[in-house]
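Engineer: Show me the folded form of this:
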Amino acid sequence: MSSPSSSAFAVAAALEGVPSAFVATRDGIDTLLRDRGLRRSTPEDTAESLLRGAVATARLEGAEGDDETLRAGGGDATARGAVLLSTELLGLAAPWRTAPLQAVARMHALAATGTLPDAERGRPATPEGARRLTWLAQAVQASGEVPGLVVAALVHAEIATAGAFGSHNRVVARAAERLVLVVRGVDPASLVVPEAGHAAEPEGYAGALAAYERDAASLHAGDPGPGVHQWLLYASQAFARGAEASPVAR
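Structural biologist: The predicted model follows:
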C-alpha cells in the first residue's frame, strides 16, 4: 500500500459526476440548516438526531425490537453500543482534528462495550487493518481542500471495509462519517442523520460498499477505480436522504 498523497481524496472528488452530485447535496443540506434548522435548532434537536442515527445504525446491523426500545438503550449489545456511542460522539470532535486514530479507537471501544473483552476494544485486530487505519488518518489530515462531504464518505468506506477491528467496523464507520460532517463544518450541530440515509436503502448501501471494497487499493494508489466512483455517487444520495431524516426537516 502506498503512502497517501495530498491528492488521493482530491482525485476521487474530481471523478466524473461526483463534483456536481455533491454540490447539489451540499446545497440541500445548507438550505435545510439555514432556512429550517440551524437558526432555531436546540441541543434537544441534536440529541434527537444522534439518537435517530443510533437506531438506524442498529437496524443496519440487524437489531430487533421497536424503535422506542432501541432509543431507550434496549435491544441487543450492538444496539446498546450504538446508542452509547451516539451520546459521546460529539465529544470526539477535538481528538479527531489532531489524532483521528485515537478518535476511531475510542469509537470502537464505545461501540463494542458489552460485546468484546476490554483488551480487544479499540485495538486493531490485524496488522493490515492497522495499516489501513494509518493510511486513512494520513489521508484525512492531507484532505483540507477536499469537500467535507466527500471526505466523510471516503472515511466511512475505508473504515467499513478495512476490517481493522474484530467487530463493529460498520458501526464505527457510520459514526466517523457523521463526525467528519461536524468537524468539517458541513453540519456543525449534527442535525443531519446520515445513518438513516443508508438505512433507507440497505441493499444499495451494501452493494456500494462492496464495490468500494473491490477497488479500495486503487484509491490508495491515487487512481480511484469504478468501485470508488460508485460509492461516492451512492453516498451523495444517502446524504440527501439523511438531511430529509433530520428532526428539523419539518
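Engineer: which residues are contacting the lowest-mean-pLDDT helix or strand in the chain?
Structural biologist: The least trusted helix or strand in the chain, going by mean pLDDT, DSSP states H and E, turns out to be helix 67-71, with a mean of 86. Under the contact criterion C-beta atoms under 8 Å, 6 or more residues apart in numbering, helix 67-71 has outside partners L51, A54, V55, A58, R59, A63, G75, A79, V83. Backbone N, C-alpha and C define where each C-beta goes, glycine included.
Engineer: and the fourth one, how far is that from D76?
Structural biologist: Pointing back at A58 there. Noted for A58: a distance of 8 Å to D76, by C-beta to C-beta, to the nearest Å.
Engineer: ok, now the second one?
Structural biologist: Between A54 and D76 the computed distance is 13 Å (C-beta to C-beta).
Engineer: Quick one: residues contacting the residue positioned nearest the centre of the chain.
Structural biologist: Taking C-alpha atoms, centre = their mean, the centroid of the chain lies closest to E177, which sits 2.1 Å from it. By C-beta under 8 Å, 6+ apart, the contact list for E177 reads A152, A153, V155, H156, P194.
Engineer: element containing it, please.
Structural biologist: Secondary structure assigned from DSSP states H and E places E177 in helix 169-183.
Engineer: What is the end-to-end distance of stretch 90-103?
Structural biologist: Terminal residues of stretch 90-103 lie 11 Å apart, using C-alpha to C-alpha, to the nearest Å.
Engineer: what sits up against it?
Structural biologist: Under the criterion C-beta under 8 Å, 6+ apart, residues 46, 50, 106-107, 133-134, 136-137, 140-141, 176, 179-180, 182-183, 190 lie in contact with stretch 90-103.
Engineer: How about it, which residues are buried there?
Structural biologist: Buried residues in stretch 90-103, defined by neighbour count with 16 or more other C-beta atoms under 10 Å: L90, L92, P95, W96, P100, L101, A103.
Engineer: quick one: it to chain centroid distance?
Structural biologist: Put simply, stretch 90-103 sits 14 Å off its chain's centre (C-alpha atoms, centre = their mean, to the nearest Å).
Engineer: Give me the nearest residue to G81, chain neighbours excluded.
Structural biologist: Spatial nearest neighbour of G81, chain neighbours left out: A111 (4.4 Å); criterion: C-beta to C-beta, 6 or more residues apart in numbering.
Engineer: Could you pull up the residues touching the one you found?
Structural biologist: By C-beta under 8 Å, 6+ apart, the residues touching A111 are T78, G81, A82, L84, L85, H168, V171, V172, A175.
Engineer: same check, this time on L209
Structural biologist: Counting by C-beta under 8 Å, 6+ apart, L209 touches A157, A160, T161, R170, W231.
Engineer: Can I get the helix or strand hosting it in CSV, CA atoms only?
Structural biologist: Per DSSP H and E: L209 is located in helix 202-220. C-alpha atoms of helix 202-220 as CSV (Å, rounded to 0.1, in the frame of the first residue of the first chain):
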residue,chain,number,x,y,z
PRO,A,202,-29.9,-1.2,2.8
GLU,A,203,-29.3,-3.2,-0.4
GLY,A,204,-27.9,-0.2,-2.2
TYR,A,205,-25.7,0.6,0.8
ALA,A,206,-24.3,-2.9,0.9
GLY,A,207,-23.8,-3.0,-2.8
ALA,A,208,-22.0,0.3,-2.9
LEU,A,209,-19.7,-0.7,-0.1
ALA,A,210,-18.9,-4.0,-1.7
ALA,A,211,-18.0,-2.1,-4.9
TYR,A,212,-15.7,0.2,-3.0
GLU,A,213,-14.0,-2.7,-1.2
ARG,A,214,-13.1,-4.3,-4.5
ASP,A,215,-11.5,-1.1,-5.7
ALA,A,216,-10.1,0.3,-2.4
ALA,A,217,-6.5,-0.4,-3.5
SER,A,218,-7.0,1.9,-6.5
LEU,A,219,-7.7,4.9,-4.1
HIS,A,220,-4.6,4.0,-2.1
